[in-house]
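**Q** Quick check, what structure comes out for this input:
(2 chains)
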Number of protein chains: 2
Amino acid sequence: MTNVATKTDKKPQTAISPTRAENFPEWYQEVIKAAELAENSPVRGCMIIKPYGYALWENIQKQLDDRIKAVGVENAYFPLLIPLSFISREAEHIDGFAKECAVVTHHRLEKNSEGKLVPAPDAELEEPFVIRPTSETIIGDAMARWTQSYRDLPLLLNQWCNVMRWEMRTRLFLRTSEFLWQEGHNAFETADEAEADARKMLDVYNDLYVNALALSGFCGEKTADERFPGAIRTYTIEIMMQDGKALQACTSHNLGQTFAKSCDIKFQGRDGREQLAWTTSWGLSTRSIGGLIMSHGDDDGLIMPPRVAPVQIIILPIMKEKNPALLEHADHLKRNLQALGIRAKVDTSDDRAPDKMWRAIKRGIPIRVEIGERELAEGKLTFTRRDLGRESKTTCSENEFLESAQNTLDAIHEELLNRSRTRAKEMIKNVTSLAELKDIYQSNFSGFVKAPIAVLDDPDYQTIKKEYSLSARCIPFEDEGATVLIGKSY
Amino acid sequence: MTNVATKTDKKPQTAISPTRAENFPEWYQEVIKAAELAENSPVRGCMIIKPYGYALWENIQKQLDDRIKAVGVENAYFPLLIPLSFISREAEHIDGFAKECAVVTHHRLEKNSEGKLVPAPDAELEEPFVIRPTSETIIGDAMARWTQSYRDLPLLLNQWCNVMRWEMRTRLFLRTSEFLWQEGHNAFETADEAEADARKMLDVYNDLYVNALALSGFCGEKTADERFPGAIRTYTIEIMMQDGKALQACTSHNLGQTFAKSCDIKFQGRDGREQLAWTTSWGLSTRSIGGLIMSHGDDDGLIMPPRVAPVQIIILPIMKEKNPALLEHADHLKRNLQALGIRAKVDTSDDRAPDKMWRAIKRGIPIRVEIGERELAEGKLTFTRRDLGRESKTTCSENEFLESAQNTLDAIHEELLNRSRTRAKEMIKNVTSLAELKDIYQSNFSGFVKAPIAVLDDPDYQTIKKEYSLSARCIPFEDEGATVLIGKSY
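**A** So this is what the prediction gives:
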């Protein structure tokens, strides 16, 4: 184990070096590497999501997909490529972020005179395409065709897909040129329905974060500056990371009639008159994995929230030589756990016991079970909760363990959620003025500041914001518009 | 119902016009339209998969994904874009099909002097990218990094994703520029393992087709001409469509060391010496939906095989005016069916009874239940199996129906599978010579011909093949290399 400090070191050994306190951004990269979640690819800014990271994403997808379907939204699939003319339709949209994107200009390769493969000059497209940075325009175009009458509304659509936004400085999961997400696009008869929907989908996300990812964030509205280009209101969940920075964990937009206008989404209303629809869009991406890592991880690496953990319980048979009876026993325990609906696995590798243990720790597996030969004889086992640290071992009978396994997983979920809640509370300072805000960040404060909403209109706000790399994270619902949360962010 | 012939017509009314006999390709398009599976998009050659079509794809994915995971393969995700230099590495691969693809040359748009959005000249990429037509080269590159020792093998990876191959003539599901698929990429220590794997993954696909899609095809090897570019052996399942043409339903390739060489996938073997890995790749796409339509559909539209049907049982409350008791009863029946693990739905629309019925028929829902007010009073219902035609109504008590529902779904599966098996048998002619083969196709035969393998070497074969638009579909396993199946194909 190269990155575990040896016993002769003075500081306590940790699986990840540097520690969070030493260098948080580097710690983040090392956690991802140690857990084998993802890595950079030879394609600039694009990542490879490795099997363990993808299994996590599949579990997040499943949890969110069930919730999306439960509110009546249907999945569909729209083209990857968007004609330039579509992007051009919505001026605000372009200025906002549609410019930095991958442009497809040719549809064939050929060998040039030097035998090198190049885009074929005679295969240049009349109209270039961009790879979707988001799909409002192409889905809006379909909605316009599908919506004749108020009877066709609401139209509730979602797609799981890849998107691209050309990024210069990238970080695994947090900011990559290509990323995976879901984008929901709903259309309604009335403004009120669209507004209610944008709020409802934020609730769906919040339910996912709280009850599946064990993450507690601030739900609120974005300020005008931070709105999605084209939206009349953008809602967000901002989660406090351990270094005091905010992660925008998802967004839900009330698009008003912006895209209905530019995409021509018209319908005949109940009064017989033609009118424009009201639309929303809402998305959550592989960024959520970045948030999970930076919220739950410790100096030994990842801590997986149990409800999305690819492996919830890992069983380590501890033996000097291959012991078929012990392996058989471990496998039997695994099957008993699986019968309870628990994702259990046996580490059947030939690795040494400490290697098995450290791998399980770095991968953040919620419960680690160790069974040695003596325990086998006694019908006992020892288990360790990942969230409580390496020393918190419990020895019990196998039956006791089986009976309490689901409760233990739930307890780990609650513990992680509580930590997230406590952090959000402890790392917020309330201020009453911009001067106070400035003082706080001047003293190297990490965390959010909650200020009266009026500070945004203070002429000095823009300067201070710039000086300390701050931004308005959201106007939290909890204070009904009276305050704004300000902080640094990812 | 515009496309249902009225009673004054002489021919029997069918929901789809034209019928299969009148014009099979047009019938195909109309079935897709009537079932609302998919439609063409404004992006040339790319389709929009509508919610009902996507729900079908999700069920196919789930069935296949479970099978893929059961054989130990793990899902991962690799970049959408492939650097030109990667594509260039494998000469055969390029010549085969990598040339007709979407080429990304710029990473930003800007407004030109006329205010028109164009690719920004200063944002031209040094090295263009192609949108993956398949991912052997980029996954091979990662495999090379991940494989140091024989202990790292086998490496069993799969990804669910979108791919693009620029197509000039497209047809929904069968041939589109962008399509959805899974592509598996496995690497092994030995040639034998790779060969066994390519065969095993074909078995996995065959199990999916037979046991989930109710489709029986011919498993076999592709002839050298029809191999995947770079493969040393390509295995395929060729399914007979109702018009006698073959659909290549999936492929599994033994790539030998072709990609290990070009991607440098090396490892230290058990003998301590560095050696090249042996790889396979295998894929199944949204094409499978095209095969399902053309195999199972009838002149009333789609027939969904029950195990992947988005809705397995639809309940139609038949009432003149809204009858809350009847709707409540239908909902109760739905919940009872759902408790049995059956995907059931109530048509709660205000549409007239015949409209509800025709919609259910055209969508191919395996079982249609009708409950009227008299049936409600008697505790009875009437159900119709989609595969047995509109007149095959059965009336029974609700309890009887609940008890037999799963069996009825299984019976529909068996019936569809039998039809597929029978068709494959009846539409094959055995010939002993090329002359005989020619005679048969001269007389406008629709179907496959099974010929001695030696006909492929006959100098006239190429001419005849061209004349009748034939191709060698596969060398079927059932005859152990002695024969070849020849036919027209999609």
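**Q** So for chain A, the centremost residue is which one?
**A** A:Ser288 (0.8 Å; CA atoms, centre = their mean).
**Q** Tell me the secondary structure at it.
**A** helix (DSSP: H, G, I helix; E, B strand; the rest coil).
**Q** For chain B, give me its nearest residue in the stretch 351-490 of chain A.
**A** Nearest residue of the stretch 351-490 of chain A to chain B: A:Asp351, at 10.4 Å (CB to the nearest CB). Yep, even glycine has a C-beta here, placed from its N, CA and C like the rest.
**Q** Now do the same contact list for the residue nearest to A:Ala344 when sequence neighbours are not counted.
**A** In space, and not counting its chain neighbours, A:Ala344 is closest to A:Leu337: 3.7 Å by CB to CB, 6 or more residues apart in numbering or on different chains. Counting by CB atoms under 8 Å, 6 or more residues apart in numbering or on different chains, A:Leu337 makes contact with A:Ile313, A:Ala344, A:Leu402, A:Ala405.
**Q** Compare these and tell me which has the most neighbours.
**A** A:Ile313 (27 neighbours; other CB atoms under 10 Å in any protein chain shown).
**Q** Thought A:Ala405 was touching that residue, still the case?
**A** Yes: using CB atoms under 8 Å, A:Ile313 makes contact with A:Ala405 at a distance of 6.6 Å.
**Q** Kindly point out which residues are neighbours of both of those two.
**A** A:Leu337, A:Ile342, A:Ile367.
**Q** just those residues now: which is nearest A:Asp355?
**A** A:Ile367 (18.7 Å; CB to CB).
**Q** Kindly state the beta-bridge partners for the closest one.
**A** Following DSSP bridges, A:Ile367 is listed with bridge partners A:Ile313, A:Arg385.
**Q** Please give the number of neighbouring residues around it.
**A** Around A:Ile367 there are 26 residues (other CB under 10 Å).
**Q** How about the one 5 residues further on?
**A** Residues within reach of A:Gly372, counting by other CB under 10 Å, total 19.
**Q** Phi first, then psi, for the nearest residue to it once chain neighbours are set aside.
**A** The shortest distance from A:Gly372 to any non-neighbouring residue, by CB to CB, 6+ apart, is to A:Ile318 (4.2 Å). Torsion angles at A:Ile318 (phi, psi; degrees, to the nearest 10) stand at phi -100, psi 110.
**Q** Pairing partners for the helix or strand where A:Arg473 lies, with directions?
**A** A:Arg473 belongs to strand A:471-476 when assigned by DSSP states H and E. Paired strands of strand A:471-476, with direction, are strand A:218-221 (antiparallel), strand A:483-487 (antiparallel) (DSSP bridges).
**Q** the residue most distant from the middle of chain A, which is it?
**A** Going by CA atoms, centre = their mean, the residue of chain A most distant from its centre is A:Ser113, 47.3 Å out.
**Q** give me the number of residues near A:Glu36?
**A** That count, for A:Glu36 with other CB under 10 Å as the rule, works out to 16.
**Q** Equivalent analysis for A:Lys33, please.
**A** Using other CB under 10 Å: A:Lys33 sits among 17 other residues.
**Q** can you list contacts of the helix or strand encompassing it?
**A** Following DSSP H and E, one finds A:Lys33 within helix A:24-35. For helix A:24-35, the external contacting residues (CB under 8 Å, 6+ apart) are A:3, A:15-20, A:38-39, A:52-53, A:171-173, A:242-243, A:290, A:293-294, A:297, A:299, A:301-302, A:362-364.
**Q** Of those residues, which are in range of chain B?
**A** Filtering the contacts of helix A:24-35 for proximity to chain B by CB under 8 Å from any CB of the partner chain leaves A:Gly53.
**Q** CA atoms of the helix holding A:Lys33 as CSV?
**A** The C-alpha coordinates for helix A:24-35 follow below in CSV (Å, rounded to 0.1, in the frame of the first residue of the first chain):
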residue,chain,number,x,y,z
PHE,A,24,-8.4,19.7,-0.5
PRO,A,25,-8.3,19.8,-4.4
GLU,A,26,-5.5,17.3,-4.6
TRP,A,27,-7.1,15.1,-1.9
TYR,A,28,-10.2,15.0,-4.2
GLN,A,29,-8.2,13.7,-7.2
GLU,A,30,-6.5,11.1,-5.0
VAL,A,31,-9.8,9.8,-3.6
ILE,A,32,-11.1,9.3,-7.1
LYS,A,33,-8.0,7.5,-8.1
ALA,A,34,-7.8,5.3,-5.0
ALA,A,35,-11.5,4.3,-5.4
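**Q** Quick one: name whatever helix or strand follows that helix.
**A** strand A:38-40.
**Q** Settle this for me: A:Gln338 is touching A:Ala344, isn't it.
**A** Yes: here A:Gln338 lies in contact with A:Ala344, judged by CB under 8 Å, at a distance of 5.6 Å.
**Q** Start and end of stretch A:473-485, how far apart?
**A** 5 Å (CA to CA, to the nearest Å).
**Q** Tell me the buried residues in that stretch?
**A** Neighbour counts over stretch A:473-485 (16 or more other CB atoms under 10 Å in any protein chain shown) mark A:Arg473, A:Cys474, A:Ile475, A:Pro476, A:Thr483, A:Val484, A:Leu485 as buried.
**Q** avg pLDDT for it?
**A** Stretch A:473-485 shows a mean pLDDT of 97.
**Q** Any idea how far apart the tips of stretch A:341-353 sit?
**A** 27 Å.
**Q** Name the residues that touch that stretch?
**A** By CB under 8 Å, 6+ apart, stretch A:341-353 touches A:309-318, A:322, A:327, A:330-331, A:333-334, A:337-338, A:356, A:359-360, A:370, A:405-406, A:409.
**Q** Keep only those of these that are in strands.
**A** Judged by DSSP state E, the subset of those located in strands is A:Ile313, A:Ile314, A:Ile315, A:Leu316, A:Pro317, A:Ile318, A:Glu370.
**Q** show me the contacts for the third one.
**A** It refers to A:Ile315. With CB under 8 Å, 6+ apart, A:Ile315 has these contacts: A:Ala330, A:Leu333, A:Lys334, A:Ala344, A:Lys345, A:Val346, A:Asp347, A:Val369, A:Ile371.
**Q** how about these in a markdown table, adding pLDDT and distance to B:Ile94?
**A** Shown next, in a markdown table, are these (pLDDT from 0 to 100; distance: CB to CB, whole Å):
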| residue | pLDDT | distance to B:Ile94 |
| --- | --- | --- |
| A:Ala330 | 97 | 49 |
| A:Leu333 | 97 | 52 |
| A:Lys334 | 98 | 47 |
| A:Ala344 | 98 | 46 |
| A:Lys345 | 98 | 41 |
| A:Val346 | 98 | 45 |
| A:Asp347 | 97 | 43 |
| A:Val369 | 98 | 51 |
| A:Ile371 | 96 | 54 |
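**Q** Looking at those residues, which one is closest to A:Phe86?
**A** Scanning the contacts of A:Ile315 for proximity to A:Phe86, where the rule is CB to CB, the winner is A:Lys345, at 46.3 Å.
**Q** Identify each buried residue in the lengthiest helix in chain A, please.
**A** Counting by DSSP state H, the longest helix found in chain A is helix A:398-426. Within helix A:398-426, the residues that count as buried by 16+ other CB under 10 Å are A:398, A:401-402, A:405, A:408-409, A:411-413, A:416-417, A:419-421, A:423-424.
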